[in-house]
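1. how would this look folded up:
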Amino acid sequence: MILQSLEAVNFRNYAHLSLTLSPYITILVGQNAQGKTNILESILMLSLAKSHRAGRDSEMIRWGEEFASVTGQVVRQQRTYELNLKILNRGKKVRVNQIEKRRISDFIGHLNVVLFAPEDLQLVKGAPQTRRKFLDVELGQINPQYLHNLVQYQRVLQQRNNLLKDAESLDSRLSEMLSVWDDQLVEYGSRIVTKRVEFVHKLQMHAAEIHRQITSEKESLELSYQCVLLENGRSLEAVKEYFRQQLVARRKEDFRRGITSTGPHRDDIEVQIDSKNVQVYGSQGQQRTAALSMKLAEIELIRQEVGEYPVLLLDDVLSELDEMRQLHLLESMGQKVQTLITTTMTYGLDEMMREKAVVYRVSQGTIEKM
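-> Numbering: from 1, shown residues only. A predicted model of the protein is given here:
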């Protein structure tokens, strides 16, 4: 999978950006706050139709303008796709080969991307919602049905929570209304859980092997999906049955707190090294190595699922890794993964990589080839 070219109009600090990308590696060099990360963000928009850092889409529209757009030429399984995303103050419009798609989910998945940024080193020691987001982003771009179930689940969850907050008493009428939302929550939520279980199992196999290669101590990395709904089994029907039971059993507590206290929105991934919880007992080095192993495993898992390697975006992450972890990251990429790197300087990057790379200097929203 190759992103051949990128064009952006009125995106962040770029009035107009046009880039031809190397199928191997492209390096974006510049000081901080010049627009390097904005370029990676625009590529992420072509993949997920969602930013990793903007609270609202309108934040990505250049100041004083009415819209922003991003266009990319993607070669995937020997076919070329033109992807276009237009951001308006009131929403987004997406096109594939000039044909507008009514649903965002019909756009997502044409370009698979793995982003590795400094904040991803918090993947292991950060809050559970960080790991849930990790699952949702990766599953969403390789499984359109998962994305649909996730969107519907979040909609139903919001409606159920609003009902709990606004209700004055837990009477028969409220219980009847909650049952309607519960049926939908169980249907969408159970499918989310079973897909996450499958994903984490596959991720574990790749991550454990990568971790063994990185660590000289040959420590054993273990990932496990933590979900109370798996109490009675991992089949879809078993999860549905237990989820429904838990929603009924916790109804009084949910009413008291005004939130839904059980479901995939409460789940987590436990990370262990040699059977010890890394989030609690691991050193900073162990936590970073585990995070790196999970991100590299993500690349291999996407290749396994879609048949091609994704595009890798490294946002100033090399400066956050020690020499050993840098070396393994660069060696793992080899020549098999198209990679874009942002950095403040090329010094310290592998010499062979610099020789093969296309290098651009970024300064105040302008870009020139070096």
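
2. Can you say which helix or strand has the residue positioned nearest the centre of the chain in it?
-> Central residue of the chain (Cα atoms, centre = their mean): residue 137, 3.2 Å from the mean position. For residue 137, the enclosing helix or strand under DSSP states H and E is helix 128-142.

3. Which elements pack onto that helix?
-> helix 36-48, helix 144-166, helix 172-214, strand 268-273, helix 284-306 (3 or more Cβ pairs under 8 Å, 6 or more residues apart in numbering; DSSP states H and E). In short, each C-beta sits where N, CA and C put it, glycine included.

4. what sits up against stretch 55-62?
-> For stretch 55-62, contacts defined as Cβ atoms under 8 Å, 6 or more residues apart in numbering pick out 10-15, 41, 45, 51, 54, 67-68, 87, 89, 91-92.

5. Distance from the chain centre to it, please.
-> Mean C-alpha position of stretch 55-62 versus that of the full chain (Cα atoms, centre = their mean, to the nearest Å) differs by 19 Å.

6. Next, the distance between the ends of that stretch.
-> End-to-end distance for stretch 55-62, by Cα to Cα, to the nearest Å: 15 Å.

7. tell me which helix or strand of this structure sits lowest on mean pLDDT?
-> Scoring the helices and strands of the chain by mean pLDDT, DSSP states H and E places helix 351-356 at the bottom, with a mean of 66.

8. Tabulate the CA atom coordinates of whichever helix or strand comes after it in PDB.
-> As assigned by DSSP H and E, the chain's next helix or strand after helix 351-356 is strand 358-363. Presented in PDB, the C-alpha positions along strand 358-363 are these (Å, rounded to 0.1, in the frame of the first residue of the first chain):
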ATOM      1  CA  VAL A 358      13.200  12.000   0.100                       C
ATOM      2  CA  VAL A 359      13.800  14.900   2.500                       C
ATOM      3  CA  TYR A 360      11.700  18.000   2.700                       C
ATOM      4  CA  ARG A 361      12.300  21.100   4.800                       C
ATOM      5  CA  VAL A 362       9.200  22.500   6.500                       C
ATOM      6  CA  SER A 363       9.100  26.200   7.600                       C
END
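
9. how near is residue 47 to residue 244?
-> 35 Å (Cβ to Cβ, to the nearest Å).

10. who has more neighbours, the two?
-> Using other Cβ atoms under 10 Å, the more surrounded residue of residue 47 and residue 244 is residue 47, with 27 against 18.

11. give me every residue that touches that one.
-> 108, 111, 112, 113, 141, 311.

12. Mind putting those into CSV with distance to residue 205, pLDDT and neighbour count?
-> Shown next, in CSV, are the contacts of residue 47 (distance: Cβ to Cβ, whole Å; pLDDT from 0 to 100; neighbours: other Cβ atoms under 10 Å):
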residue, distance to residue 205, pLDDT, neighbour count
108, 25, 91, 22
111, 25, 95, 23
112, 19, 94, 23
113, 22, 94, 22
141, 20, 89, 24
311, 23, 95, 25
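
13. Inside helices: which ones of those?
-> residue 141 (DSSP state H).

14. Excluding sequence neighbours, find me the nearest residue to residue 153.
-> Once flanking residues are discounted, residue 153 sits nearest to residue 188: 4.0 Å by Cβ to Cβ, 6 or more residues apart in numbering.
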